[in-house]
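Q: Structure, please.
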Amino acid sequence: MARINLTAAFLLVLGCSSTDTDADANADTDADADTDTPTTDAASSGDAGSEDDSEDDSEDTGDVPETLRGVRTCELNELVIMDGAVWMRVWNEVGMHDCPDDWLASIDSEVYAVGGPRWRSIDTANPLGGTPDFGMPQEVPAGLGYPMVEAAAVELFPVSVLEGQLGAPIETLDDIPLEVRRTMLDTTLFSTQYVVAEVDRVFTTEFVHFAGQRVFIIDDGECQYAMKYYTSIIDAELVDEDAVATLGDRFTQLPEGFSFSVQTFDEDLVIREDEGLQYVLTDEFGNSYDRFACD
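A: The predicted structure is shown next:
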């Protein structure tokens, strides 16, 4: 099973070998703020390979705790040059707003990679080791009226690597050709289609899927990965869990030996890091999954 970090993904796009740099860019960019917003999508659905194939088309009216499930969120990835390296600054709304469509559409795609809208498919995200300090909110992008916080700053690779590929000195982002910048920004969102990334998160979070709730799972033949969020960036119909449940029919690039299923569990599914790392998979639509079990 292939594993790749974000640095290696960039170098592959730029035509470099990952041995050209030792920059450590193992970082997950989803801030996963613990925003207590209740929703009511609690129906279960069974697909081939599900551990629990029971179906319940009725709305859940039981005592279900408040949940993040279905909460709309987004991130903006921004490239900057500092300290002799290319960095990615990750901005997240951390529950301050719901990333309105008109605001997302007005963001300059030559400056930011727009990761959203996204909807959470987990029920809680619990910070471990204390609540993260995001710092003061800022209006990002400036002048558009919505606050964001810097959730992460990820060093991607030394500027010298890019200078070697382009054959020219680089002091600012303006020295990088526009098409290269666009490719780099796109790569921050879609660098790991069906490739497992070893992730050292900026802060540690425990993800919980409540018992009886739908869990969207990709199995690569060795390990199972539970969806953390889904997005309509590529497929405009992926805006709710009913649409997500049809991914098995939508996938056209699912690698041989991989399978998708919708499962429910009798107990809460709790996903934590494995010895300081999490293993994250992204599908062809930009949806993100975290590993929770291996055979």
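Q: Tell me, how many residues neighbour residue 73?
A: 25 (other CB atoms under 10 Å). For the C-beta atoms, the positions are set from N, CA and C on the backbone; glycine is no exception.
Q: Equivalent analysis for the one 5 residues further on, please.
A: Close neighbours of residue 78, defined as other CB under 10 Å, add up to 19.
Q: And residue 167, by the same measure?
A: 6.
Q: Look at residue 197 and report its pLDDT.
A: Looking at residue 197, its pLDDT is 80.
Q: do the one 3 residues further on as well
A: The predicted structure scores residue 200 at 65 on the pLDDT scale.
Q: let's number from 5 now, not from 1
A: Right, with 5 as the first residue, what we last looked at is residue 204.
Q: Report the next helix or strand after whichever helix or strand residue 283 is part of in sequence order.
A: Using DSSP states H and E, residue 283 maps to strand 282-286. Next along the chain after strand 282-286, taking DSSP H and E as the criterion, comes strand 292-298.
Q: So for that next one, what gets flagged as buried?
A: Buried positions in strand 292-298, judged by neighbour count with 16 or more other CB atoms under 10 Å: 292-296.
Q: for stretch 253-261, same thing?
A: So stretch 253-261, judged by 16+ other CB under 10 Å, has buried residues 254-255, 258.
Q: again with stretch 75-87
A: 75-83, 85.
Q: What is the neighbour count of residue 269?
A: Residue 269: 17 neighbours (other CB under 10 Å).
Q: Repeat that for residue 160.
A: Neighbour tally, residue 160, other CB under 10 Å: 26.
Q: could you point out which element follows the lowest-mean-pLDDT helix or strand in the chain?
A: Least confident element among the helices and strands of the chain, by mean pLDDT, DSSP states H and E: helix 10-18 (a mean of 53). Once the chain leaves helix 10-18, the next helix or strand it forms, by DSSP H and E, is strand 76-86.
Q: what are the pairing partners of that following strand, and which direction each?
A: strand 89-96 (antiparallel), strand 116-124 (antiparallel) (DSSP bridges).
Q: Checking the closest residue to residue 248 other than its chain neighbours next. Helix, strand or coil?
A: Nearest non-adjacent residue to residue 248, counting by CB to CB, 6 or more residues apart in numbering: residue 234, 5.0 Å away. Secondary structure, DSSP: H, G, I helix; E, B strand; the rest coil: residue 234 is strand.
Q: so which two of the buried residues of strand 292-298 are the farthest from each other?
A: Using CB to CB, these reach their maximum pairwise distance at 292 and 296, which is 13.3 Å.
Q: Where does the prediction get shaky in the stretch 105-254 of the chain?
A: 134-138, 195-196, 204-207 (pLDDT under 70).
Q: Helices of that one, start to end?
A: 105-110, 163-170, 182-194, 245-248, 251-254 (DSSP state H, counting those that start in this stretch).
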